[in-house]
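Student: The amino acid sequence is not available; the structure is as follows:
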């Protein structure tokens, strides 16, 4: 079960902690992965690491998720090299906490450029490839903050993730006729290296207290959900937000 042999998979934001975990897990199931990221140097390191560890082909490509032409050039390069694109994973995302009464609108626009525009554009460009062949899997990275509020200046981030959730549902409805599955993964705090450095220990303990299993989500937990949603076993799952959150959304 859950094999992805020779499936051509684009992981946008593949040089990030979650993106790398998803790329590695998908390659481990036989997928050929394209690690697409603005940070091409890091993407190349990760692609080489995946090729060595998983024995599956992995290549790095540059992309600016807020620029449609950049995404189109990346997609064209993938199709030229591999013939098609079977799976798209939108794993990019940024956060900047701001008190609601003091929102910096330039920062607001920056988050929406990466977290929302940066999801819609890859779906638009690569979705056309999937529509033409009437088959595809799209997996967007959302968050529990798309459905659950919190303190700490997360209005902007929550707004972007709520947008990702509805984009996911709308695309699932519109593209079902083309046999394209569109789902999202909504984790709580994922313990990437960046998160470990960015969140104060006392805040981490507060977040930990709100989970049922009293342990944080690891990148591999998100990657496991990604493998399932990309696989044939999830062919009848679409328009869903899968919460990998240690039970946080179960208790409010």
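Tutor: That came through fine. Note that this is a predicted model, so its numbers are computed, not measured.
Student: In this protein, where is pLDDT below threshold?
Tutor: In the predicted model, the chain carries pLDDT under 70 at residues 252.
Student: the helices in it, which residues?
Tutor: Taking DSSP state H, the helices of the chain run over residues 17-28, 40-54, 68-82, 105-112, 118-133, 155-175, 193-198, 201-209, 219-230, 248-251.
Student: What does residue 31 show for phi and psi?
Tutor: Dihedral pair for residue 31: phi -70, psi 150, per degrees, to the nearest 10.
Student: That one: how many residues sit nearby?
Tutor: Residues lying near residue 31 (other CB atoms under 10 Å) number 28. No exception for glycine: its C-beta is placed from N, CA and C like everyone else's.
Student: thinking again about what came up before, would you tell me which of the helices of the chain gets closest to residue 141?
Tutor: Taking CB to CB, helix 17-28 is the member of these nearest to residue 141, at 6.4 Å.
Student: Check whether residue 169 really touches residue 239, as I assumed.
Tutor: Yes - between residue 169 and residue 239 there is a contact at 4.8 Å, judged by CB atoms under 8 Å.
Student: quick one: residue 251 and residue 213 touch, right?
Tutor: No - between residue 251 and residue 213 there is no contact under CB under 8 Å: 11.8 Å.
Student: Looking at those two, which is more packed in?
Tutor: Using other CB under 10 Å as the criterion, residue 251 and residue 213 rank with residue 213 on top: 11 against 8.
Student: quick one: contacts for that one?
Tutor: 246-247 (CB atoms under 8 Å, 6 or more residues apart in numbering).
Student: please redo it, this time with the cut-off set to 6 Å
Tutor: residue 246 (CB atoms under 6 Å, 6 or more residues apart in numbering).
Student: Check residue 92 too.
Tutor: So residue 92 contacts 12-13, 65, 118 (CB under 6 Å, 6+ apart).
Student: Identify, from those, the entry nearest to residue 76.
Tutor: Taking CB to CB as the measure, residue 76 lies nearest residue 12 of these, at 14.9 Å.
Student: shouldn't residue 107 be in contact with residue 96?
Tutor: Yes - between residue 107 and residue 96 there is a contact under CB atoms under 6 Å: 5.0 Å.
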